[in-house]
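Colleague: Dropping the sequence and predicted coords here.
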Amino acid sequence: MPRDPLIALVGKPSAGKSTMLNSLTDATSKVGNFPFTTIDPQRAIGYLRIPCACTRFNKESQCTPTYGSCTSGQRSVPIELLDVAGLVPGAHLGRGLGNKFLDDLRHADALIHVVDVSGTTDAEGKETRGYDPSEDIVWLRGEIVRWVHGNLVGRWGGVKRRHKATKAKVQDTLLGQFSGYGANMVIINRLVDSLPFNKTTPLDEWSDEQVEEMVERFVDEKFPTVIALNKVDHPDSAQNIQRISKRYPSESLVLCSAVAECFLRKLKKQGFVKYEEGTEFVDTYEDLVADGDASGGGLKPMDEKLKNRIENLRDLVLYRFGSTGVSDVLTRAATVLGLVPIFPVRNIHMLTAPGTQPVFRDCVLVPKNTTVAGVARRIMGDGPIAFVEGADGNRVSEDEIVGVGKHDVLSFKMAGK
Ligand SMILES: Nc1nc2c(ncn2[C@@H]2O[C@H](COP(=O)(O)OP(=O)(O)OP(=O)(O)O)[C@@H](O)[C@H]2O)c(=O)[nH]1
């Protein structure tokens, strides 16, 4: 049965992975400023913000998610996150428990590389000034490539002989080698299609360089990566952001301040601010009183120190970047994965009937190019389906590909029920 998507947070020690995880979830992963605070990989549930199907049916007031939440058509859908402890250069050789950390990555579908863009920690996570964080982007990908390559080269002689003797297809041979990383035929087909030498050179004659190139392309296919430039609140960050933006495509970069998001969430919980996650809007008691609400919206007044911290945070992060960027990190990861939210419903006709019954209890995230049959398997396993209805009440073919706004509200009728 297809499993739920898993997004891993990777990066060197002290880049801010645990802080990011805390700000994406309500988990209390231990946060520290010394290397290897995170010893065991930690799974947690984050919340991906998506536009909910309820707005299309004017059902915002009846939308009742079993998991996550929906506010005015903005739905937070649970998604599994994995905090992979600090990777350091040489990890593929076992440095800093590197092999163990890399092994944790096997099941990740996408990576969020948390980069300390302030340049105040070196490649090992030790405090410094003026470090060039773009180096981290290069070496971390290199570690993953060398880890996969190292696992493959020792076996490559045998793989080639078997491939030739059994007249196997390239796709089947590569799937055999990469299924341990959770690769499926879709990924392998994309990989093989992207290899410029595949059409001209049989696999058993690939040169060492070609095998290396194949591994690089596999890593890019299997681990699409979002680069989260963290600590944008730090004064040294601006010059580094500029430098990195020139070298990397803007789609892969997200600017963020995990510490700012954690701080705002804490103040919100303590009743000091009204804060809408993913936005620049933070209201304090004083703001609301100044706006004419004598009760200050029921918020607690702040002392001078706290007021100054909020002002700084507005100047350095919220007004400059539009938000803390943390929820954009997850949205971008879902985009590189091409995740499609699907809303399975029991009774399609309830959506059009007037009433007060709860709707859209469930939402599942499936990869792009999933068929209606694939969604059914994901939700109900291999049981036989009698037919599937779409939002308009008409039957939908099991071969149809689902997409946002297209066959994303479905009702499955099982055979014999
Ligand atoms: N200025 C600033 N500091 C941050 C930010 N995010 C994290 N930090 C600080 O960076 C330090 C390291 O943060 P962690 O979240 O523990 O880092 P980590 O990557 O999980 O580290 P390991 O567990 O060693 O792998 C802590 O002192 C955090 O407070 C940020 O957005 N801005």
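Modeller: That came through fine. Residues are numbered from 1 along each chain as shown.

Colleague: And the strands in the protein, which stretches?
Modeller: Listed in chain order, the strands of the chain (DSSP state E) span 6-10, 42-51, 69-71, 74-83, 110-116, 225-230, 253-256, 273-275, 282-284, 340-344, 364-366, 385-389, 409-414.

Colleague: how close does the residue lying closest to Leu264 once chain neighbours are set aside get to Thr284?
Modeller: Nearest non-adjacent residue to Leu264, counting by C-beta to C-beta, 6 or more residues apart in numbering: Tyr275, 4.9 Å away. Using the backbone N, CA and C atoms, a C-beta is placed for each residue, glycine as well. Computed with C-beta to C-beta, to the nearest Å, the distance linking Tyr275 and Thr284 is 10 Å.

Colleague: try Asp303
Modeller: Computed as C-beta to C-beta, the Asp303 to Thr284 distance reads 12 Å.

Colleague: Neighbour count for these two, which is higher?
Modeller: Thr284 (23 against 7; other C-beta atoms under 10 Å).

Colleague: which residues sit in contact with the more buried one?
Modeller: With contact taken as C-beta atoms under 8 Å, 6 or more residues apart in numbering, Thr284 is in contact with Phe272, Val273, Gly296, Leu299, Met302, Lys307, Ile310.

Colleague: repeat that with 6 Å
Modeller: Taking C-beta atoms under 6 Å, 6 or more residues apart in numbering as the criterion, Thr284 is in contact with Val273.

Colleague: Of the strands of the chain, which is nearest the ligand?
Modeller: Evaluated with C-beta to the nearest ligand atom, the strands of the chain place strand 225-230 nearest to the ligand, the distance being 5.0 Å.

Colleague: what bridges to Val115?
Modeller: Beta-bridge pairing for Val115 (DSSP bridges): Leu229.

Colleague: residue closest to the middle of this protein?
Modeller: The centroid of the chain falls nearest to Ala333 when counting by C-alpha atoms, centre = their mean (3.7 Å).

Colleague: Minimum distance to the ligand, which residue of the stretch 101-250 of the chain gives it?
Modeller: Counting by C-beta to the nearest ligand atom, the stretch 101-250 of the chain gets nearest the ligand through Lys231, at 3.7 Å.

Colleague: What count of nearby residues applies to that residue?
Modeller: 26.

Colleague: Now do the same for it: its pLDDT.
Modeller: Lys231 carries a pLDDT score of 98 in this model.

Colleague: again, but for Gln42
Modeller: 71.

Colleague: what residues does stretch 307-323 touch?
Modeller: Counting by C-beta under 6 Å, 6+ apart, residues outside stretch 307-323 touching it are Asp233, Leu255, Ser257, Ala260, Gly278, Thr279, Glu280, Thr324.

Colleague: I'd guessed the last one sits against Glu261; true?
Modeller: Yes: A contact is recorded between Thr324 and Glu261 when judged using C-beta atoms under 6 Å, the distance being 4.0 Å.

Colleague: give me the beta-bridge partners of the nearest residue to Tyr47 once chain neighbours are set aside?
Modeller: Excluding the flanking residues, the one nearest Tyr47 by C-beta to C-beta, 6+ apart is Ser76, at 3.8 Å. Per DSSP bridges, the residues bridged to Ser76 are Arg49, Ser69.

Colleague: Tell me how far Ser76 lies from Ala85.
Modeller: As judged by C-beta to C-beta, Ser76 and Ala85 stand 27 Å apart.

Colleague: Which residues in stretch 272-282 does the neighbour count mark as buried?
Modeller: Phe272, Val273, Lys274, Tyr275, Glu277, Gly278, Val282 (16 or more other C-beta atoms under 10 Å).

Colleague: Make TSV out of those residues and add distance to the ligand and pLDDT.
Modeller: TSV is the format used below for the buried residues of stretch 272-282 (distance: C-beta to the nearest ligand atom, whole Å; pLDDT from 0 to 100):
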residue	distance to the ligand	pLDDT
Phe272	20	97
Val273	18	96
Lys274	22	95
Tyr275	16	93
Glu277	15	82
Gly278	16	83
Val282	16	95
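
Colleague: roughly how far apart are Phe197 and Leu175?
Modeller: Phe197 is 19 Å from Leu175, by C-beta to C-beta.

Colleague: the more surrounded of those two?
Modeller: Using other C-beta under 10 Å as the criterion, Phe197 and Leu175 rank with Leu175 on top: 19 against 15.

Colleague: How about the contacts made by the closest residue in space to the more buried one that isn't next to it in sequence?
Modeller: Nearest residue to Leu175 in three dimensions, chain neighbours excluded: Ile188, at 4.8 Å (C-beta to C-beta, 6+ apart). Ile188 makes contacts with Gln171, Leu174, Leu175, as judged by C-beta under 6 Å, 6+ apart.

Colleague: From the residues you listed, which land in helices?
Modeller: Gln171, Leu174, Leu175 (DSSP state H).

Colleague: For the second one, which non-adjacent residue is spatially closest?
Modeller: In space, Leu174 comes closest to Ile188 once its chain neighbours are excluded; the distance is 5.3 Å by C-beta to C-beta, 6+ apart.

Colleague: what bridges to the residue nearest to Leu264?
Modeller: The partner residues for Tyr275, given DSSP bridges, come to Val282.

Colleague: need the contact list for it.
Modeller: Leu264, Lys268, Val282.

Colleague: What's the local residue count around the nearest residue to Gly176 once chain neighbours are set aside?
Modeller: Spatial nearest neighbour of Gly176, chain neighbours left out: Val159 (7.8 Å); criterion: C-beta to C-beta, 6+ apart. By other C-beta under 10 Å, the residues close to Val159 number 19.
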